[in-house]
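> Got a sequence here, can you build the structure:
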Amino acid sequence: SPIAKAVLRELRSNDLIDVRASALASLAQNGDVTAKKELERAAASKESPALLAVDAALTRLGDEAAAARFAVRVREGSMPARLAALEATKEFATAPPAVARAIVGGLEDQQAAVRAAAAQAAGRLKIREAVPVLRRTLGQPVSYLVKLSAAVSLHILGDPARDDLLPQALARDMAEASVF
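The predicted structure is shown next:
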């Protein structure tokens, strides 16, 4: 579109990677494939956290290399970085295989917040491969947020065991917590 071309021309002259990455991601999010080459160029740079948005946008456009980079962002880095990557999946209609595997891996992260976010992403993106791990999560000594996120995702995924697993898990937790 003429607007996208004008924006791309302007962005090429802008040295601020955050501005370039965010604008390009916005163009791609709206389905403008003309931004793809510029997004790929921006993604090659490792100068800014805004590159998460670039990889997310490229992933939504079907770029397998970006999906692989995005999956690494889900699996590695600081807890806030992993959470940001999982949050960015809210913009995805589906999860490419590499991203789906990373989300399933996130269900076993050591950080409860990451596990809960991964469970929510698995349900939202309908990642069926997550069902066995989500079921197992309900039987583990983890936070209620993680258990609730797992149960909701099992419900979204239509898992028939969902109705029995959460009450059992919560009853077991209450029995173990009882001091009387």
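
> Could I get the full set of helices for the protein?
Under the criterion DSSP state H, the chain contains helices at 2-12, 17-29, 36-43, 51-60, 64-75, 79-88, 97-106, 112-124, 131-138, 144-156, 162-177.

> I'd like the mean pLDDT over the longest one, please.
Predicted confidence along helix 162-177 averages 62 (mean pLDDT).

> go on, stretch 76-88?
Mean predicted confidence for stretch 76-88 is 87.

> list the buried ones in it?
By 16 or more other C-beta atoms under 10 Å, the buried positions in stretch 76-88 come out as 82, 83, 84, 85, 86, 88. To be clear about C-beta, it is placed using only N, CA and C from the backbone, and glycine gets the same treatment.

> And the pLDDT for the residue nearest to the fourth one when sequence neighbours are not counted?
Counting by C-beta to C-beta, 6 or more residues apart in numbering, residue 85 lies nearest to residue 73, which is 4.0 Å off, once chain neighbours are set aside. We have a pLDDT of 86 for residue 73.

> before we move on, what about residue 119?
In this model, residue 119 is scored at 96, pLDDT.

> looking only at pLDDT, what's the mean for stretch 128-141?
Averaged over stretch 128-141, pLDDT sits at 91.

> Quote the end-to-end distance of it.
One end of stretch 128-141 sits 23 Å from the other (C-alpha to C-alpha, to the nearest Å).

> Report the buried residues of it.
Neighbour counts over stretch 128-141 (16+ other C-beta under 10 Å) mark 130, 131, 133, 134, 135, 137, 138 as buried.

> Hmm, the third one is touching residue 107, no?
Yes - using C-beta atoms under 8 Å, residue 133 is in contact with residue 107, at 4.5 Å.

> I figured residue 66 was touching residue 55, is that so?
Yes - using C-beta under 8 Å, residue 66 is in contact with residue 55, at 4.8 Å.

> so what's residue 100 up against?
Counting by C-beta atoms under 8 Å, 6 or more residues apart in numbering, residue 100 touches 125, 127, 129.
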